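A.B. asks: A structural model of the following input is requested.
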Amino acid sequence: MDVLDDLKNCNKAVGIKQSLKAVANGNAKVVFIAKDADEKITGSLKELCMANGIQIEYVDTMKQLGKAVGIEVGASAACILREEV
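C.D. replies: Next up is the predicted model:
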């Protein structure tokens, strides 16, 4: 099963700022980063994920990631949020 399919039907955060916030708060389960997104933008998110042991999945294009999360434009990052306990 494609991991991107999971993004359609789950609690998620879309975009760098939202994803950074989710990782910082310990709410992110898996982070998706587009390979064609600017490293200046995604670098801090990658570092935060590594520091917190969050799994990173790479997606080929921002357009593909945007489509997976159900928006009309490209997304440089998105993440699946942990289930509320």
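A.B. asks: which stretches in the chain count as helices?
C.D. replies: Using DSSP state H, the helices found in the chain span residues 3-8, 16-24, 39-52, 62-68.
A.B. asks: the longest one - contacts with which helices or strands?
C.D. replies: If I follow you right, that is helix 39-52. If you count contacts as 3 or more Cβ pairs under 8 Å, 6 or more residues apart in numbering; DSSP states H and E, helix 39-52 packs onto helix 16-24, strand 28-34, strand 55-59. C-beta coordinates here come from the backbone N, C-alpha and C atoms, glycine included.
A.B. asks: could I get those as CSV with mean neighbour count?
C.D. replies: Formatted as CSV, the entries for these read as follows, by neighbours: other Cβ atoms under 10 Å:
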stretch, mean neighbour count
helix 16-24, 19
strand 28-34, 23
strand 55-59, 16
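A.B. asks: closest one to I80 among the ones you listed?
C.D. replies: With distances scored as Cβ to Cβ, the stretch of the helices and strands packed on helix 39-52 nearest to I80 is strand 28-34 (4.7 Å).
A.B. asks: related to what we said a few turns ago, can I get the helices of the chain in CSV including mean pLDDT and distance to G74?
C.D. replies: As requested, these are arranged in CSV below (pLDDT from 0 to 100; distance: least, Cβ to Cβ, whole Å):
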stretch, mean pLDDT, distance to G74
helix 3-8, 78, 14
helix 16-24, 96, 12
helix 39-52, 96, 12
helix 62-68, 95, 3
